[in-house]
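Trainee: Just the structure for this:
(4 chains)
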There are 4 protein chains.
Amino acid sequence: MTDILLRSDVAVTLDRHMGDDQTIADTARVTHPDLCGSRLERRDLGLLNMLMRDRHGTPFESVVFRFHIEAPIVVAREAHRHRMASVNEESGRYRRLRPEFYLPAPDRPLVQTGKPGAYTVTAGTDAMGDLTRKTLTAAYQAAWDAYEALLAEGVAREVARFALPVSVYTSWYLTLNLRALFNFLSLRRVTEATTVPTFPMREIEMMAERMEWAARTVVPEAMSLFDQYGRVSP
Amino acid sequence: MTDILLRSDVAVTLDRHMGDDQTIADTARVTHPDLCGSRLERRDLGLLNMLMRDRHGTPFESVVFRFHIEAPIVVAREAHRHRMASVNEESGRYRRLRPEFYLPAPDRPLVQTGKPGAYTVTAGTDAMGDLTRKTLTAAYQAAWDAYEALLAEGVAREVARFALPVSVYTSWYLTLNLRALFNFLSLRRVTEATTVPTFPMREIEMMAERMEWAARTVVPEAMSLFDQYGRVSP
Amino acid sequence: MTDILLRSDVAVTLDRHMGDDQTIADTARVTHPDLCGSRLERRDLGLLNMLMRDRHGTPFESVVFRFHIEAPIVVAREAHRHRMASVNEESGRYRRLRPEFYLPAPDRPLVQTGKPGAYTVTAGTDAMGDLTRKTLTAAYQAAWDAYEALLAEGVAREVARFALPVSVYTSWYLTLNLRALFNFLSLRRVTEATTVPTFPMREIEMMAERMEWAARTVVPEAMSLFDQYGRVSP
Amino acid sequence: MTDILLRSDVAVTLDRHMGDDQTIADTARVTHPDLCGSRLERRDLGLLNMLMRDRHGTPFESVVFRFHIEAPIVVAREAHRHRMASVNEESGRYRRLRPEFYLPAPDRPLVQTGKPGAYTVTAGTDAMGDLTRKTLTAAYQAAWDAYEALLAEGVAREVARFALPVSVYTSWYLTLNLRALFNFLSLRRVTEATTVPTFPMREIEMMAERMEWAARTVVPEAMSLFDQYGRVSP
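Mentor: Numbers count the residues shown, from 1 in each chain, chains lettered A, B, ... in the order given. Sure thing, here's the model as predicted:
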C-alpha cells in the first residue's frame, strides 16, 4: 500500500505572457497610431481609465497569459467552464494518477448557511475540523487502496479511477487573455472592491487569487482600474 | 446508512431543437433567397452535399439542440471541454448529491493496451470484471458513508463532497448547434465510417451515441452526409 | 443604366426561436428539477430576477433566436464583430449585388460634437440634410454605373464591386442566444434605462431596436429585467 | 481636392508572439511533465507529428500571435468572420479616413468562370485590365471628392463615409492563436499541399500568405506538418 500525500494548496505558476499595460493602450489607439508610444504616459492612463469605465473590452484581449495550475479535480471542473480559455489537462486515462489529495486546512470555513444564490460558509468548531480531516483522510486512503488494487490486477487506468474522489490533484496549462481573466476574477474572487455579489468556493478563490497576484505584476494599471470600477469585467 | 444506487447508463434526452435539414440549405442560400423552399428537394440535397464535402461549416450552425444529460462526473468533465456549448449543471454546493454511482456493465472492456495516443481497451476475464465491480461498489459505499457522516455533523456540502468519487452521477442541460455536435461526435464516437483516428472512453461514447441517435431524427440528411464524408466536422 | 433604389431602413425578421422565459428558469433549476413547471409562476419570476441581478448569465443562453437582417454593409461590419453569433451573409463574389443604397432619412442627426469616446450626433440644418442626400445619391449612382460598366465588360463580380460604397445593402442570417443578444443590445442601443455609456451609430441602433422588439415578444420577463437592472448583460 | 493614393498590397506585420514549437510539445505533455525539455528533440517532433496527424488541436492554441494589418475594407469584412480572434480596428466614426484605395495590380486575375461553390478567376486581357483600373480610379476619386465635400460642410464623419467604397484601406490589430490561424489558412490560402477545396478571393489570400510567412518563422515544424497533412486545421 502507498501512503497518500495530503495537500491544502492550489499551485499557480505564470509560465509566460504576451503584452502589458502599454499594449492595451496601443491596441485601443489603432485609430490614432501616431499617439502610440514606448512608455506608459499620462494620456495612456487616461485612455485605460476610459476603457475600463465604459467597458470597452476588446483592447484587454491583446494581453495573453499562460499559467500552469495544480488543483483538485473539483476546482478544475469549475475552472474549465469558462469558455474563452485554452486548456490542456493531464489525463487519468493515459497515466497513473499521483496519490495527492486535497485536505481542507484548519482555517477553512466549514459551516454553510443561507439559501440558494446567497450561501455563506463560516468557521466550524475545532472538533468539527478534526472530524472532517480525519474522515476525509480515511476515505482518501481507502479510495487509493481500491485504485491500486485494481491496477495491480491489470484493470485499465480509466476504469480503476472511478474509485478516486474529486479531491485528487490534477494539473493543466491554461492560456487566456486579460479580458477572460477579468471575467474569471469577477466571478471567482471576492475582495473589498467587489460590487456584484458572487459566492465562490474557497478552493477556486485560492486559484483566482494566485492568478491575479501573478497577472498584477504584468498589468498593474489595468488591475488597479479593475478594482476601482468594482471588479466588473469590461 | 443509505444504500447506494448503481447505474451503468448515460441518459440523454433531446429536450427541444430549432431548425432541420431545410434550414441548413436555406441558410446557405442567403445569397439566393429565391431558391429557398418549404420542402427538401433534390437541389437542396445537392447543396447539403457540397457544404459537407467542401467543409462550409457555418450553415450547420443554424440548427440548435438542447439536451438534458445524466452521466458520471468523469464524463461531464470531458464533455465540458467543448467550448461551443452552453452548460448548466447541478451543483454539489447547493444541494445534497444523490447516492447514484456509475458501475461498469459486465461487457465494459477492462484491459488497456498500446501506447499514448493509440490505446485500445479490450475485454477482461470474468474474474477481473467481478473483482472490479466488487471493489468499486465497496469504495462507493465507503465514500458515501463518509459524505453522509460529515453532513450529519453539520459540515458544508461543498466540503463533505471531497470524499465522493468521480463516478457519482451529475446532470446538466447542454445547448449546442449542429456544427459543434459534429465536432463532438468526430472526437467522441467511433463507427465504421470514422476516418480520423480517435480513442474515446466508452462512457463518453455512450453519451455521444445517444446524442447522435436523437439528432439524427431532426437532421437525417446532414447526419447521413457526415457519415459519407468520414465523420469529419465541416 | 439602372436606376438605383434608395432606402433608409434596416429590416429585421425573427425567423424562428427556441425557448422562452420558462426555459431560462428551468435551466437555472437543473439542480432542483422537481421545481420545474410548465407555466411561469411567481417563484420563477423571483428566480429570473436573481439571475439578472447577480449576473448569472449561462441560463439565458438556453434561448436562441434566428434573425434575417437587411442592412447596409457598414452596419453588417459592426454587427459581425460580436463573436457569439453564427452568421451567413450573401456574397458579392457569387451574385450580382442589388442596386439598393442606404440614404439617411431627413430626421437622421448629422452633426458630430465631442471627443473620442464621448461623441454625440445632433440634428443638422435642412440645407445640410438636402446637400447630404443629394451628394450621396449622386455618388451612389456613379458608383453603380461603374460597377455595371465593369460587369458589362466581363470583369468578375468580386473585382467590379471594389467601386461600390459601404452603404450598399447586404443581407444575412444571424443565429445567437439571448445572452449574446443582451450583450449586443447593451452596446448598440441607448434607452432611458441605459446605465453604462455607449454611443452607437444610429443605423446599428435601428437594427438593435428591431431585434429587441422581436425578442421581447418571446421573453418579455427577461427583457423587462434587463431594463430594470440597467441594460447590463448578465 | 485631395489626390487619392492607389495601393495594390495587403500589409501584415507580426507585432509580437508567445510560444513556439517547443511550447506546443510541452503543452501536450502536461500528462508527462518529466519529458518536457528546453530544446526541440526527436521525440518532440514525433509528438508534434502525432498531434497534427490525429487532429489533437488544443496544444496548438498555446502559441499566440498579434498582427497589425492594413487592407481594404472588403478584406477586413471577410477576415473578421473568424470568431476565435481579438480584433481592434480603426474607426471611420472617430477619425477622418485616409484617401488610400485598393487597385488591382496588372497581374490580378479578372475573369470569373464556373458555378457557385467552384468559381475560378483567370487572367483578363490587357485592355480589360486597363479599363478596370481606369474605371475604378475615377470612381474612387469621385467618392473621395463627395466625402470631402460633405466633411467641409460639417457633416459627421460617420455619415459622409457612406459615399466611400469597400476598397478604402483600413487597419486593425489581430490577436489569435495558432489553431485559429491554421483554420484561417485552410480556408483562405491555396497551395500545392491543399487537399480540401476552397476558393479564396485573391486579396484575402494575400493577407493569409503574409500571415503564414511570418508565423512560419516562429513555428517552422508545426507549419511544415500542416502542409504535410493536407493543410487541414487540427
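
Trainee: What residues does residue A:217 make contact with?
Mentor: By C-beta atoms under 8 Å, 6 or more residues apart in numbering or on different chains, the residues touching residue A:217 are residue A:14. (Glycine included, C-beta is placed from N, CA and C.)

Trainee: For chain A, which segments count as helices?
Mentor: Here chain A has its helices, by DSSP state H, at A:21-28, A:42-53, A:73-79, A:126-152, A:157-160, A:178-188, A:202-218, A:220-228.

Trainee: tell me which residues of the fourth one are tucked away?
Mentor: I take that to be helix A:126-152. A:128-129, A:131-133, A:135-137, A:139-151 (16 or more other C-beta atoms under 10 Å in any protein chain shown).

Trainee: How about the contacts made by residue A:207?
Mentor: A:10, A:12, A:69, A:71, A:75, A:79, A:188.

Trainee: near chain C, from those residues?
Mentor: Here nothing survives when the contacts of residue A:207 are matched to chain C using C-beta under 8 Å from any C-beta of the partner chain.

Trainee: Among those residues, which one lies nearest to chain C?
Mentor: residue A:188 (13.1 Å; C-beta to the nearest C-beta).

Trainee: contacting residues around that closest one?
Mentor: Residue A:188 touches A:78, A:198, A:200, A:204-205, A:207-208, counting by C-beta under 8 Å, 6+ apart.

Trainee: Put the buried members of those residues into a ChimeraX selection.
Mentor: Buried members of the contacts of residue A:188, defined by 16+ other C-beta under 10 Å, are picked up in ChimeraX with:
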select /A:78,200,204,205,207,208
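
Trainee: Greatest separation within the contacts of residue A:188: which pair is it?
Mentor: A:198 and A:207 (14.4 Å; C-beta to C-beta).

Trainee: now chain A, which segments are flagged as low pLDDT?
Mentor: A:1, A:32-38, A:116-117 (pLDDT under 70).

Trainee: How about the residues of it by chain D?
Mentor: Near chain D, when you scan chain A using C-beta under 8 Å from any C-beta, you find A:16-19, A:23, A:27-28, A:30-33, A:58-59, A:61-62, A:64, A:66, A:68, A:86-91, A:94-95, A:171-173, A:175, A:177.

Trainee: Sort out for me which of these are in strands.
Mentor: Among the residues of chain A next to chain D, the members found in strands (DSSP state E) are A:16-18, A:64, A:66, A:68, A:86-89, A:171-173, A:175, A:177.

Trainee: Tell me which residue is most central in chain A.
Mentor: residue A:207 (3.4 Å; C-alpha atoms, centre = their mean).

Trainee: Chain neighbours aside, what residue packs nearest to it?
Mentor: Nearest residue to residue A:207 in three dimensions, chain neighbours excluded: residue A:10, at 4.6 Å (C-beta to C-beta, 6 or more residues apart in numbering or on different chains).

Trainee: hang on, the earlier thing: quick check, nearest of the contacts of residue A:188 to residue A:218?
Mentor: Nearest to residue A:218 out of these is residue A:208 (C-beta to C-beta; 15.9 Å).

Trainee: Contacts only, for the residue nearest to residue A:123 when sequence neighbours are not counted.
Mentor: Nearest residue to residue A:123 in three dimensions, chain neighbours excluded: residue A:109, at 5.4 Å (C-beta to C-beta, 6+ apart). By C-beta under 8 Å, 6+ apart, the contact set of residue A:109 is A:121-124, A:202, B:156.

Trainee: out of the residues you listed, which are inside strands?
Mentor: Judged by DSSP E, these include A:121-122 as members of strands.

Trainee: What subset of the contacts of residue A:109 is buried?
Mentor: Here, 16+ other C-beta under 10 Å leaves A:121, A:124, A:202, B:156 buried among these.

Trainee: Show me the two of those that sit farthest apart.
Mentor: Farthest apart among the buried ones among the contacts of residue A:109 - using C-beta to C-beta - are A:124 and A:202, which lie 12.8 Å from each other.

Trainee: got the contacts of residue A:188 as a markdown table, with distance to residue B:220 columns?
Mentor: Shown next, in a markdown table, are the contacts of residue A:188 (distance: C-beta to C-beta, whole Å):
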| residue | distance to residue B:220 |
| --- | --- |
| A:78 | 38 |
| A:198 | 44 |
| A:200 | 45 |
| A:204 | 43 |
| A:205 | 48 |
| A:207 | 45 |
| A:208 | 46 |
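
Trainee: Can you tell me which of the contacts of residue A:188 is nearest residue A:229?
Mentor: Out of these, the member with the shortest distance to residue A:229 (by C-beta to C-beta) is residue A:198, at 15.8 Å.

Trainee: The closest one and residue A:185 touch, don't they?
Mentor: No. With contact defined as C-beta atoms under 8 Å, residue A:198 does not reach residue A:185; the gap is 10.0 Å.

Trainee: and for stretch A:71-78, what are the contacting residues?
Mentor: A:10-11, A:69, A:79, A:89, A:101-102, A:166-172, A:188, A:201, A:203-204, A:207, B:73, B:76-77, B:80, B:161-162, B:166.

Trainee: Give me the buried entries from the residues you listed.
Mentor: A:10, A:69, A:79, A:89, A:101-102, A:166-172, A:188, A:201, A:203-204, A:207, B:73, B:76-77, B:80, B:161-162, B:166.

Trainee: quick one: contacts for residue A:137?
Mentor: For residue A:137, counting by C-beta under 8 Å, 6+ apart, the contacting residues are A:4, A:6, A:101, A:103.

Trainee: Can you tell me how far the second one is from residue A:75?
Mentor: Relative to residue A:75, residue A:6 is positioned 16 Å away (criterion: C-beta to C-beta, to the nearest Å).
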